[in-house]
Each structure stands twice: as C-alpha cells, then as structure tokens.
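>>> Need coordinates for the below:
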Amino acid sequence: MQGKIVAVCTSKNKGERKQNVGQGTLLPEQGLQGDAHAGFQHRQVSLLALESIEKMRQKGLDVHPGDFAENLTTEGLELPSLPIGTKMTIGDCLLEVSQIGKECHNRCNIYYQAGDCVMPREGIFAIVRKGGPVKTGDTIEVKADV
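Here you go, the predicted model:
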C-alpha cells in the first residue's frame, strides 16, 4: 500500500500551526530537523492525511497542510487504520507507527471554529528508525515486513 507526501511542515514552537517547507531531513530517533517536536519520545513525527483535512474543509473551514500541526501530510493512505508497529518507508527513511490519534488537553482554534478537529482521531505519530531526506512528491509506502 502506498501514497504520497503532499507537504513537509515544521514550526519553531510547540502549539502552533506548521508551515509547509516542501522538504526536510528526518533524523533517526529524533524527528524532522528544525521542528519544535523533534526528539519528543514516541511522537517524533506526526502524519495526517489530506483526506482528513478535506473533511474539515467540507465543514466550511479554510485549512491547509500544516494547520493541524502535522509534520507530514499524506495522500492515498488510511493512516488511522495502520496498527502501532507498522513500518513505512519514504525513500531510504524508515518510520514506525508509535501512536494513533492523541488526547488534546486544550481545544485548538480549529475545534472552536468547527466544533471538531480530526487530528485527535485521524492523525498518527511515528518514530524515525532510519533518517534521510523527505520532500513533497515522495512516495510513502506501508511495508508488510521490514
């Protein structure tokens, strides 16, 4: 099963929307270089599907990749259906799914605008097992066994 990377997003501070920078470097056991969440235990890299963002657009919100504070926006994968431990490759990079969804302790601006937010249910987190470059347009592939 494969999809593609449609955005690579970073932010300097936690708790803010990320900007699509188009490319970056995944650091082993750290996360996306230059991102505020790099090195954050089992949530080193966050992923959200463009299809999830589209659900929020259908509720009337003007939202884009990075607005949900995800590092990698994907297209063509059912991210929340991937079990913990699933391996994914992006070029030479290897990610391992470490968490599905998250608990939001404080409701974000998107929740207050729409009365809902997809990241807690449909976003996933991964550990970087093997690093390397990642960019918009790259293929992301779910591996049966790596």
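>>> Please, where are all the strands along this protein?
Listed in chain order, the strands of the chain (DSSP state E) span 2-10, 19-20, 23-27, 31-32, 45-49, 72-75, 87-90, 93-100, 124-130, 132-135, 139-143.
>>> Which one of these lies nearest to S81?
strand 93-100 (8.7 Å; Cβ to Cβ). Every C-beta, even on glycine, is put in place using the N, C-alpha and C of the backbone.
>>> tell me how far the closest one is from the chain's mean position?
10 Å (Cα atoms, centre = their mean, to the nearest Å).
>>> what residues does it touch?
Applying Cβ atoms under 8 Å, 6 or more residues apart in numbering, the contact partners of strand 93-100 are 26, 42-45, 80, 82-89, 124-134, 146.
>>> Run a quick neighbour tally on L82.
L82 has 18 neighbours, counted by other Cβ atoms under 10 Å.
>>> For the closest residue to it other than its chain neighbours, list each beta-bridge partner.
Counting by Cβ to Cβ, 6 or more residues apart in numbering, the nearest residue to L82 once its immediate chain neighbours are dropped is V97, at 5.2 Å. Going by DSSP bridges, V97 is paired in beta bridges with A126.
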